[in-house]
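Colleague: Starting from these lines, generate the structure:
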Amino acid sequence: MHNTLNPLYKYISELIVEFFIDQQIRPGDRYNLYLEEKSYVQQLFDALRSINALNIELFSYQHPSGSVPFISFTIKINDTKVLVVSSENATEDYFTMLRNNVSQQALGFENTAMLIIYSQKLESISGGSENLEKDGMPLHYLSFRKRVEKDINANKTLKHHEKEILKAVLSYKTKNILEDNNSVFDYEFVIKILEKGTIDTVDFQTIGLFPHEELATKGTKVDVDIQENYKLFGRIEAIFQDDEPETELKEILPETAYTKFIKEDWKTTDFGDLSKWLETEKNKSIPEITSISCDSKDVTLWKRTDGLTASKKRNYNLLVFNQNLQEDVVIEIKFDQRTKKEGINYKGRDLTVQSSGYNLLVTLPKCENTNNFHLVEYRDPDSGKKFLFKLLHVPFESNYLSQFESNFLIRAGSLGNYLSVKDDNIIIFNEGEQKVIEEETRIQ
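Modeller: Numbering: from 1, shown residues only. Take a look at the predicted model:
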């Protein structure tokens, strides 16, 4: 449902009256306009009654078989009175009776034409009168767009870049009307700004754009910026409609910009700032992991990422099987760029992590029955991208968990650290002791 505003209805009502004047409307002429909502009907009805009080006359008709008179108003155009009726104050049968009386210029309807505004699908009405939204009529979307564009160009208070913004939005809205079967009422905020004569910062989001302070200084070359702004606003809006907007936003924005973007109202972000952030992030070369290995004898290393998105591919689950309890086991994480020690952060008792050329070298402490979970974080200082390595160091062979090599995950968080696997089978860790794995099993 549209949040309708008075300037829109005032504008439409003026167009309708102007059309009747230009067409030299005559007695017996009948026009109709279908609107989606009852509220639209009432607001346009009220606007038509208010635009020129000197030409408005009360209309009252008492049907011979009725007990209550029908009350409405007429708009005098030249020598013709245009009777305005709405579905809010008449039924379909009454519409038909009124229309027939106008057509026949019956007693009480002399020199009268008729405009019907309605919100229900009434075949008897549309079949016996001209539709103001059909091709060539003032409220056909193409006619309406041309008129609004003409009024934008003629406006004395709108600045050049503001006019270009409104005309660009008009073009986008017209395309949406064709695709989504909307109506001229979707131009609501354009008309509001046109009537006001200026675009305030808060207006940008209502027309699908980010504010852009620099646009006023760019002279006549603003078309490309407006187009990119419109596309970017739609892209960001679509991201926020997803289940996990944070994940995708972290991929396209620097860390400092992302934090600001999430905490504040993103729609108020200046397009110039947002463009710079995106360009900066785009030009950064994000490191990639080329390999993760362990050369220690009789130690098996399993590795899996958290998922398939770019950010989840930077989160690794590393399961180290050390059945012989070897000490100083080293995990080598190789990147395609040099690593920097200032990007290293880790949690784990007696764990050491070093930067060595293109590598991170993680040296595990002695494998014990407890405290075998470790967390290593590397944040690349240049791109700001974070890599997370969750390690579990266990004192047994990998064959005990062989069926889970492709679906294990290491969970680390406030609820504790544990190994998560998914399977419907039964695992026997020790003879005589069975564990059923259903949806998720924790091995702590």
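
Colleague: Helices along this structure, start to end?
Modeller: Using DSSP state H, the helices found in the chain span residues 6-22, 38-50, 92-104, 123-126, 141-154, 160-180, 188-196, 223-240, 245-252, 255-263, 271-283.

Colleague: Residue 60 is nearest to which of the ones you listed?
Modeller: Comparison of the helices of the chain against residue 60 by C-beta to C-beta identifies helix 92-104 as nearest, at 12.5 Å. The way it works is simple: take the backbone N, C-alpha and C, and place the C-beta from them, glycine included.

Colleague: Give me the buried stretch members for that closest one, please.
Modeller: By neighbour count on 16 or more other C-beta atoms under 10 Å, the buried set for helix 92-104 is 94-95, 97-99, 101-103.

Colleague: Residue nearest the middle of the protein, spatially speaking?
Modeller: When the chain is reduced to its mean C-alpha position, the nearest residue by C-alpha atoms, centre = their mean turns out to be residue 237, at 2.7 Å.

Colleague: and this structure, what are its domains?
Modeller: The chain breaks down into these structural domains: 6-133, 142-283, 289-443 (assignment by automatic domain parsing).

Colleague: Any chance of these in a markdown table with mean pLDDT as columns?
Modeller: Written out in a markdown table, the entries for the domains of the chain read as follows (pLDDT from 0 to 100):
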| stretch | mean pLDDT |
| --- | --- |
| domain 6-133 | 89 |
| domain 142-283 | 86 |
| domain 289-443 | 82 |
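
Colleague: Hmm, residue 360 is touching residue 354, no?
Modeller: Yes: applying C-beta atoms under 8 Å as the test, residue 360 and residue 354 come out as touching, 7.2 Å apart.

Colleague: roughly how far apart are residue 35 and residue 146?
Modeller: Residue 35 sits 21 Å away from residue 146 when distances are taken as C-beta to C-beta, to the nearest Å.

Colleague: The two - which one has more neighbours?
Modeller: When residue 35 is set against residue 146 and neighbours are counted by other C-beta atoms under 10 Å, the residue ahead is residue 35, at 21 against 12.

Colleague: Surely the more buried one is in contact with residue 44?
Modeller: Yes: proximity of residue 35 to residue 44 meets the contact threshold set by C-beta under 8 Å, at 6.9 Å.

Colleague: which neighbours do these two share?
Modeller: Counting by C-beta atoms under 8 Å, 6 or more residues apart in numbering, the common neighbours of residue 35 and residue 44 are residue 117.

Colleague: Identify the residues contacting residue 17.
Modeller: Remark: with contacts taken as C-beta under 8 Å, 6+ apart, residue 17 is in contact with 48, 51-52, 75, 77.

Colleague: Can you tell me which of the residues you listed lies closest to residue 215?
Modeller: Set against residue 215, the nearest of the contacts of residue 17 by C-beta to C-beta is residue 51 (34.3 Å).

Colleague: Looks like residue 394 contacts residue 321 (just checking).
Modeller: Yes: look at residue 394 against residue 321 with C-beta under 8 Å: they come within range, at 5.9 Å.

Colleague: shared neighbours of the two, anything?
Modeller: The contact lists of residue 394 and residue 321 share no entry, where a contact means C-beta under 8 Å, 6+ apart.

Colleague: Quick check: residue 351 vs residue 23, distance?
Modeller: Going from residue 351 to residue 23 by C-beta to C-beta gives 85 Å.

Colleague: out of the two, which sits in the more crowded spot?
Modeller: Relative neighbour count places residue 351 above the other of residue 351 and residue 23, with 17 against 14, counting by other C-beta under 10 Å.

Colleague: For beta bridges, what are the partners of the nearest residue to that one once chain neighbours are set aside?
Modeller: Closest residue in space to residue 351, ignoring its immediate chain neighbours: residue 374 at 5.1 Å, by C-beta to C-beta, 6 or more residues apart in numbering. Beta-bridge partners for residue 374, by DSSP bridges, are residue 391.

Colleague: If you tally nearby residues, what's the number for residue 374?
Modeller: Other residues near residue 374 come to 26 when the count uses other C-beta under 10 Å.

Colleague: Can you verify my assumption that it contacts residue 350?
Modeller: No: with contact defined as C-beta under 8 Å, residue 374 and residue 350 do not form a contacting pair (9.6 Å).

Colleague: Contact partners for the residue nearest to the centre of the chain?
Modeller: Remark: with contacts taken as C-beta under 8 Å, 6+ apart, residue 237 is in contact with residue 208.

Colleague: before we move on, the earlier item: any of the contacts of residue 17 buried? List them.
Modeller: Buried members of those, counted by 16+ other C-beta under 10 Å: 48, 75, 77.

Colleague: The second one: what's it in contact with?
Modeller: Residues touching residue 75, when contacts are defined by C-beta under 8 Å, 6+ apart, comprise 17, 20, 48, 52, 55-56, 81-82, 84.

Colleague: The closest residue to residue 102 other than its chain neighbours pairs with what?
Modeller: Closest residue to residue 102 apart from its sequence neighbours, by C-beta to C-beta, 6+ apart: residue 114 at 4.4 Å. The residues listed as beta-bridge partners of residue 114 by DSSP bridges are residue 30, residue 83.

Colleague: Residue 114: neighbouring residues, count only.
Modeller: Residue 114: 26 surrounding residues under other C-beta under 10 Å.

Colleague: Residue 129 is in contact with that one, correct?
Modeller: Yes: counting by C-beta under 8 Å, a contact exists between residue 114 and residue 129, whose distance comes to 7.2 Å.

Colleague: Give the intersection of the neighbour lists for the two.
Modeller: Both residue 114 and residue 129 are contacted by 30-31, 99, under the criterion C-beta under 8 Å, 6+ apart.

Colleague: closest to residue 262 among the residues you listed?
Modeller: Using C-beta to C-beta, residue 31 is the member of the shared contacts of residue 114 and residue 129 that sits closest to residue 262, with 51.2 Å.

Colleague: residues in contact with that closest one?
Modeller: 113-116, 129-132.

Colleague: Now with 7 Å, please.
Modeller: Shown here is residue 31, whose contacts under the criterion C-beta atoms under 7 Å, 6 or more residues apart in numbering are 115, 129-130, 132.

Colleague: and if you look at residue 84?
Modeller: 45, 48, 72-73, 75, 115.

Colleague: I'd like to know which of the residues you listed is nearest to residue 226.
Modeller: Relative to residue 226, the closest of the contacts of residue 84 is residue 48; by C-beta to C-beta it sits at 34.3 Å.
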